[in-house]
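> What follows is a predicted structure for the sequence shown.
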Amino acid sequence: MSPNRQKLIVLTVALWGIMMLSANAQYFGTNKPIYKQLNYELYQTPHFEIYHYLTDSILLNQMAADCEKWYFYHSGVFAETFKRRNPVIVYTNHADFQQTTAIMSQIDVGVGGVTEGLKRRVVFPLAFTQQETDHVLGHELVHAFQYHIITESENLSLGAIQNIPLWMIEGMAEYLSIGSVSSHTALWMRDALISRNFPSLEKLTFNPTYSPYRFGHAFWAYIAATYGEQYINRLFRETANKGFPASIGEVLGISSDSLSKNWESALRKQLLTRQADTTFSIVGERLLAKGESGRYNLAPSLSPDGQHIIFMSERDLFSLDLFLANVKTGKVMRRIFTATRYDHIDALNMLQTSGTWSPDGRTFTFVGFVKGKTVLLCYNIDKDKIDHQIEIPDIDAIGYPAWSPDGTTIAFAGLHQGVSDLYLWHVNNRQLTNLTLGRGSCIMPAWSADGNRLFFTTEMPAPGQINVGFPYTNIATIDLKYGQITVYKTFDGARNVNPLPMNGGHDVVFLSDGDGRRNLFSINTQSRALRQLTDYPTGICGATEFSPALTTAGDTLVYCMLWDGRFTLFKTTYNRLAQMSVASTPATTNYKDLRLMPYTQHLSQVENNLYFRNRPHHLVPDSFSIAPIRRHFKLDYLGNVSAGVMAGRFGTGMAGSVEALFSDILGQHMLYSGVSINGEIYDFGGQVAYVNQQSRLKKGVSLSHIPYPTASLTYETETADDGTQTKSLSYLFRRTFEDKLSLFAFYPFSRTRRVESGIAWAWYSYRDEKIKNVTSYNDIYYSKTEPVESPPGFRVAILDAAIVIDNAKMGLASPNEGRRLRIQTERYLFGLDMQTFSVDYRQYWFLNPSCIALRTYHYGRYGSDSQDKRLMNLYMGYPWYLRGYESGSYYNNDDIDQQSVGISQLLGSRILVTNAEWRVPFTGPPEVSVVRSYSLYSELAFFVDAGLAWNRTAHPIWSLTTNDPQKRVPVFSTGLGYRINLYGLLVVEPYFAFPFYQKEFREGRFGVNLFSGW
């Protein structure tokens, strides 16, 4: 007999995948470029290993002492000691921090520090003020203790961290590094209480609209004040062991609901002590018209004529962008910055800084991150584009820019080696002047109207101030002609920030929590008289305590206020505020209202530590030392650990997998290994890979053995000895074994663009098995396969290169704005003479909140061996290409007519696919979704798919129908998909599709797409 095989239906292709480390393993995805190589050194203290590249030994020793100080404080609360030195990695600025290799994920601008679990590495940058740096260090070292407790306890493992709500984790870090004194947390609590939107603990756990930092901070302050600080450690351990809310009853002997009510009642009693706290009136009117703002409207900046304002907001729902609005009408005129428009800019830096207008009102200058540096971006109002940028040499970070009244100079706060000074950048001759020369952290410069003085916020002490443990945050001015600095005495122990001169420079308005809240004050520069301009129980504030929240133009003043859970912009005049003001003196500072919980007779351990934290902490002499860095590989990640036995159509089999990721302490060298088995022993696969990411050019090597199972149904025509022919259906199961050694490299130009290249040597072999005379699915499932002759193996060398662009923004379950492009080619040598070429272009148009998405994809094999029998045909009937065609039950053989479509129309060596979708948020945040949900994010996708498959002998024709299997026509489908985001791990899309081929719609079909959300 001589079988004549004719493939009818391709059932499945199950690709055995292994996680890769580097970005070149991502088909799309953003990059993490290493723009600058840093020369790290190791400095050891009794309890820490500090990895740094600081050149200032005084700053380094201060950092080391602060680490030991926080260790001393936290170890007393947790009753724990480190068994080995804890690694701390310090960066001199946020731009360098964003490039860290110690943390694999992207670092957003709003991230002040990160602590990871297995190595307990504390990674953070120096901030513009010593207070911020010290707070971040104290906060992150709490996380180091939390991980230490979980990983070192006998009955706990690292996975127990998932039992603890985020607000418990972050709130504890805030309480232990701040204590009960925090106007910032207090104003959040007052706002929630006044608006009757204070959450229960259960709601706080599952509703992401509540800040885990602020509400978690208030929770732990309540626990410490009510039950004692010894319960912090007990409740944390019990929650890690039993989860929330079971731990509440176990430790505190009270239900979660009762604790929620008691907590709210205690905060209400402490924070709402005045009648004005619930009956206050807002001075001014809302700036933005209804529907023109988001929840966060931050960093306002008025144009010099007061006619326009630029602010940062997420009013377009999925990212923080810059918007230009008309002050008179409150209407947004246009979006002036979004990452998808300027994808060469890595990030926008407006959370702790603001922009500034040139005096002619034609240029708006703000801070961004470009190629590992902070730069000044200059947006041309008339041209509606960023037309140039200013790079300042010898400065680690730039913040708080301010144009001079004559337009020749830009003042800004510059950070260099941990010290922030005020600088002048002379635009015409590109010269830099340091004004403050390291005399204390200086931020938020503002020009006087005559351009002779700068007002600013500083940590320098005012005359008569003594060190009582509180950090200074004062208002100061510098005479630019003589360099004389005057620090005004305002409110001791308060945060006095954001000074802006008014009334010709005779008065300076500023924000302060000296009244126990966060209000607007003024000081007369001649008489030094203080006046309180507003009296709000919540407060005027930005995203952080050091974020600008005021802007002025002439007599017009715009401020940002937390009101009903939203950061809202209000417009008023200085004259109006001055008429309503009341006199104030430093003696009226209200420290009681700064507290989340009332005073106790004796300071708690935490508050005693924090009150005296500026005093030297005594250490053993010579306990700090320089040591060499050792490049040992240690475990970063262990996952997919599973093992089991299964039964199926092949009898008894095995299933299991394990993946492990190792790296050195700085994450510059990474080693990955993974093994998996699913079925018989032949289905074993594994990979070992090494990646070097010390420099911008990342390179690596991998060795792998991967089985690729494929299956097909085949009609076989057999000729008997008497000449009769019979046709039967056979099931062919093939394993293609790939043993490959690969060298690869990729070079990121920015976060959104990269090139990839590689060379590989591979050996392919086969194992074929068959089931004959298949009449139903049961025959496949219950029958045993029989080994059959397999094709010979072959060797091949592969060269590949690709260009990748990806600036897409993610929506609820798929991208909703931006574009993606991947152009790739592969050249096969020796065993195969072939090259492949692919183009994948995707464009997303955001319609707020819906989206139009378009994809065009081509993959083709070219060359003399492009249709070699050793290669499986490309199949475009999978749902990630065309929905509605993955089920083969309605296909006939290739003798097609105008009522059917042959399988060959979906097979070829080249395919072209086009998809169009209208994506509508379905479940998710109420601002964007049809159905409100904080646990399930999903979207509806109305789609149209089209595809065409062909090869060298079967060519496309300009028609929608054909009777010739050697002529190829496009096939289509349309329908509705429901795309579900499974907590960021997987996006699943059940769908209902109507195929359209041979000019007719066909019966609708259900399906599930596991590779959706393109």
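Perfect, I can see it now. Residues are numbered from 1 along each chain as shown.
> The lowest-mean-pLDDT helix or strand in the chain: what's the following helix or strand?
Scoring the helices and strands of the chain by mean pLDDT, DSSP states H and E places strand 4-13 at the bottom, with a mean of 33. Next helix or strand after strand 4-13 toward the C-terminus (DSSP states H and E): strand 41-44.
> strand partners of the longest strand along the chain, parallel vs antiparallel please.
Ranked by number of residues, the top strand in the chain under DSSP state E is strand 725-748. Looking at strand 725-748 with DSSP bridges, its partner strands are strand 698-719 (antiparallel), strand 753-771 (antiparallel).
> Can you check which of the ones you listed gets nearest to Tyr27?
Across the strands paired with strand 725-748, Tyr27 has its closest neighbour in strand 753-771 (10.5 Å, C-beta to C-beta). C-betas here are computed from N, CA, C, even on glycine.
> what sits against Thr340?
807-809, 817-819 (C-beta atoms under 8 Å, 6 or more residues apart in numbering).
> same question but for Gly294, I mixed them up
Contacts of Gly294 (C-beta under 8 Å, 6+ apart): 313-317, 927.
> That one - nearest residue in space that isn't next to it in sequence?
Arg315 (3.7 Å; C-beta to C-beta, 6 or more residues apart in numbering).
> Which residues are in contact with the one you found?
292-294, 297, 321, 323, 332.
> Buried ones only from those, please, as a ChimeraX command.
Only the buried entries of the contacts of Arg315 go into this ChimeraX selection, using 16 or more other C-beta atoms under 10 Å:
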select :292,293,294,297,321,323,332
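> Can you pick out the ones from the contacts of Arg315 that are in helices?
Using DSSP state H, no member of the contacts of Arg315 falls in helices.
> Identify the farthest-apart pair in the contacts of Arg315.
Glu292 and Asp321 (13.5 Å).
> mean confidence score for the longest strand of the chain?
On average, the pLDDT along strand 725-748 is 86.
> Show me what counts as buried in that strand.
Buried residues in strand 725-748 (16+ other C-beta under 10 Å): 729-738, 740, 742, 744-748.
> again, but for stretch 41-50
Result for stretch 41-50 [16+ other C-beta under 10 Å]: buried residues 41-43, 45, 47-50.
> ditto for stretch 245-264
So for stretch 245-264, counting by 16+ other C-beta under 10 Å, buried means 245, 247-248, 251-252, 256, 259-260, 263-264.
> which one of these is nearest Gln526?
Glu264 (46.7 Å).
> Low-confidence regions, the stretch 801-950 of the chain specifically.
Applying pLDDT under 70 to the stretch 801-950 of the chain flags residues 887-901.
> can you rerun that using 90?
Where the stretch 801-950 of the chain drops to pLDDT under 90, the residues are 831, 848, 868-873, 885-905, 925-928, 934-935.
> In terms of helices and strands, where is the nearest residue to Gln37 once chain neighbours are set aside?
Excluding the flanking residues, the one nearest Gln37 by C-beta to C-beta, 6+ apart is Ser695, at 5.8 Å. Assigned by DSSP H and E, Ser695 belongs to neither a helix nor a strand.
> Local confidence estimate at the residue nearest to Gly294?
Value for Arg315, per-residue pLDDT: 83.
> which SS class is it?
coil (DSSP: H, G, I helix; E, B strand; the rest coil).
> Report the distance from the longest strand of the chain to the chain centre.
The gap between where strand 725-748 is centred and where its chain is centred comes out at 36 Å by C-alpha atoms, centre = their mean, to the nearest Å.
> now could you export just the CA positions of stretch 827-847 as PDB?
Coordinates of the C-alpha atoms in stretch 827-847 are reproduced here as PDB (Å, rounded to 0.1, in the frame of the first residue of the first chain):
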ATOM      1  CA  ARG A 827      17.700  33.800   7.800                       C
ATOM      2  CA  TYR A 828      18.000  30.000   7.900                       C
ATOM      3  CA  LEU A 829      21.300  28.500   6.700                       C
ATOM      4  CA  PHE A 830      22.700  25.000   6.100                       C
ATOM      5  CA  GLY A 831      19.900  22.700   6.900                       C
ATOM      6  CA  LEU A 832      17.300  25.000   5.400                       C
ATOM      7  CA  ASP A 833      17.700  27.700   2.700                       C
ATOM      8  CA  MET A 834      14.900  30.100   3.800                       C
ATOM      9  CA  GLN A 835      14.300  33.500   5.200                       C
ATOM     10  CA  THR A 836      11.200  34.700   7.100                       C
ATOM     11  CA  PHE A 837       9.800  38.200   7.200                       C
ATOM     12  CA  SER A 838       7.200  39.600   9.500                       C
ATOM     13  CA  VAL A 839       5.500  42.900  10.000                       C
ATOM     14  CA  ASP A 840       3.100  43.600  12.900                       C
ATOM     15  CA  TYR A 841       1.600  47.000  13.100                       C
ATOM     16  CA  ARG A 842      -1.000  48.100  15.600                       C
ATOM     17  CA  GLN A 843      -2.600  51.400  16.100                       C
ATOM     18  CA  TYR A 844      -5.000  52.500  18.900                       C
ATOM     19  CA  TRP A 845      -7.200  55.700  18.800                       C
ATOM     20  CA  PHE A 846      -8.500  56.700  22.300                       C
ATOM     21  CA  LEU A 847     -12.100  58.000  22.200                       C
END
